[in-house]
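Trainee: Next comes the sequence, and after it the predicted model I'd like to discuss.
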Amino acid sequence: KHILLVEDIVDSGRTLQRLVELLGERKPQSLGICALLHKHIASHLKHPVRFVGFDAPHEFLVGYGLDHAENFRHLPYVASLQ
């Protein structure tokens, strides 16, 4: 099967790398990665992020499900905590 992995944000890349490893064990025909936000910090990714909604700054982001200590997840926009 063809797999498109949809991620909210690519930051350190640790979660994404682990998912790619787990899914790769199942030998998919193809594996693509899509992210709403990409910080371009994770240089070690074996599979590049193919589809990117927005390039994100190297700041802590909240909103649209992204949270800080269980707060700000409900915001209807993405904001930076500075």
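Mentor: Structure's in. What do you need? Residues are numbered from 1 along each chain as shown.

Trainee: quick one: secondary structure of the closest residue to Glu7 other than its chain neighbours?
Mentor: In this structure, Glu7 finds its nearest non-sequential neighbour in Ala35, 4.5 Å apart by Cβ to Cβ, 6 or more residues apart in numbering. (Glycine included, C-beta is placed from N, CA and C.) Following DSSP: H, G, I helix; E, B strand; the rest coil, Ala35 is assigned to strand.

Trainee: Can you get me a residue count around Ala35?
Mentor: Per other Cβ atoms under 10 Å, the neighbour tally for Ala35 reads 21.

Trainee: Going forward, count from 28.
Mentor: Yes, from this point I'll number from 28; that puts the last item at Ala62.

Trainee: and the gap between it and Ala96?
Mentor: 23 Å (Cβ to Cβ, to the nearest Å).

Trainee: what's the answer for Arg41, then?
Mentor: Taken as Cβ to Cβ, the span from Arg41 to Ala96 is 19 Å.

Trainee: more neighbours, the two?
Mentor: Each of Arg41 and Ala96 has its neighbours counted (other Cβ under 10 Å); Arg41 has more, 10 against 6.

Trainee: What are the boundaries of the strands in this protein?
Mentor: 29-37, 57-65, 78-82, 87-89, 106-108 (DSSP state E).

Trainee: Out of those, which gets nearest to Arg100?
Mentor: strand 87-89 (7.2 Å; Cβ to Cβ).

Trainee: The closest one: which residues count as buried?
Mentor: Neighbour counts over strand 87-89 (16 or more other Cβ atoms under 10 Å) mark 88-89 as buried.

Trainee: same question, stretch 48-67
Mentor: 58, 60, 62-66.

Trainee: need these in JSON lines with distance to Phe87, can you?
Mentor: Below are the buried residues of stretch 48-67 laid out as JSON lines (distance: Cβ to Cβ, whole Å):
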{"residue": "Leu58", "distance to Phe87": "29"}
{"residue": "Ile60", "distance to Phe87": "22"}
{"residue": "Ala62", "distance to Phe87": "17"}
{"residue": "Leu63", "distance to Phe87": "16"}
{"residue": "Leu64", "distance to Phe87": "12"}
{"residue": "His65", "distance to Phe87": "15"}
{"residue": "Lys66", "distance to Phe87": "10"}
